[in-house]
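In: the sequence and its predicted three-dimensional model are supplied below.
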Amino acid sequence: MRILVVEDEPDLLRGLTRALRDEGYAVDTAANGDDGLYKATEVNYDAIVLDVMLPKLDGWTVLERLRESKKTPVLMLTARDRSADRVRGLDLGADDYLVKPFDLPELLARIRALIRRSASEVRTVISIGDVTINTASRTVARSGDVVALTAREYSLVEYLALHRGEVVTRTTLYEHLFDENDDTLSNLLDVHVSNVRKKLGHDFIATRRGHGYCIEA
Ligand code: CA
């Protein structure tokens, strides 16, 4: 899963980026509204964390323009505990908001919820054959035994599981699993797929030649 963080306070931006990467997300960053809107429009992020008070374009304007073309889930950060600000954000199409200062675990939980909701997934636990994916604890078990996956392997499994029954193209997977700073070799995706198959069974991820990958529903 790939997330964009738009925040102009360097310490907060760094802290958020680190925390999200520790959770296994691919993270892109923008330090002003202009850059944020550009990236949010160019890339299909799984979620966007958007500060309200930003240089160049404020968060409301970014959101308003983004909503002309994209439904990407947006969590807004507001420094002001004023109900009018929150109402404005929600009315412009924000999916959720947090008032600064906020607890990191709460932000992470809200992001997980946004990602589930955008995939129309109401449950936190997805069962596929003998494999169970818990999107709240971000763990995977096979026949009841927890399987150790790397962050990228988990992201791959989660993305395909949230889109189970669909063929997901390689391009889409690259877009959602790797961030703007990853200079990954093109075959790395195959390595992750191969490792997941070793851990969860060869048939867990099907290859659709010329199209991409699929987890059967
Ligand atoms: Ca700010």
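Out: Yes, it's here.
In: how far off centre is the lengthiest helix in the chain?
Out: The residue-count maximum for a helix in the chain (DSSP state H) belongs to helix 104-118. When C-alpha coordinates are averaged (C-alpha atoms, centre = their mean, to the nearest Å), helix 104-118 and its chain have centres 9 Å apart.
In: give me the residues contacting the helix or strand that that helix is followed by.
Out: Along the chain past helix 104-118, the next helix or strand (assigned with DSSP states H and E) turns out to be strand 125-128. Applying C-beta atoms under 8 Å, 6 or more residues apart in numbering, the external contacts of strand 125-128 come out as 132-136, 161-162, 164, 204, 215-217. C-beta coordinates here come from the backbone N, C-alpha and C atoms, glycine included.
In: ok, strand 125-128: who's next to it in the sheet?
Out: Using DSSP bridges, strand 125-128 pairs in its sheet with strand 131-134 (antiparallel).
In: can you count the residues close to the residue of the chain found nearest the ion?
Out: Using C-beta to the ion, Met53 is the residue of the chain that sits closest to the ion, at 3.9 Å. Per other C-beta atoms under 10 Å, the neighbour tally for Met53 reads 17.
In: nearest residue to it other than its sequence neighbours?
Out: Spatial nearest neighbour of Met53, chain neighbours left out: Ala79 (6.0 Å); criterion: C-beta to C-beta, 6 or more residues apart in numbering.
In: measure the one you found to Asn195 for me?
Out: Relative to Asn195, Ala79 is positioned 42 Å away (C-beta to C-beta, to the nearest Å).
In: that older thread, in contact with the residue of the chain closest to the ion, which residues?
Out: 8, 59, 78-79.
In: list the buried residues for the one helix or strand in the chain whose mean pLDDT sits lowest?
Out: Of all helical and strand segments in the chain, the minimum by mean pLDDT, DSSP states H and E falls on helix 83-91, at a mean of 85. Across helix 83-91, burial judged by 16 or more other C-beta atoms under 10 Å covers 85-86, 88-89.
In: got any ranges where this protein has weak pLDDT?
Out: Low-confidence segments of the chain, defined by pLDDT under 70: 80-81, 183-187.
In: would you mind giving the domain segments of it?
Out: The record assigns the chain these domain ranges, following automatic domain parsing: 2-118, 125-214.
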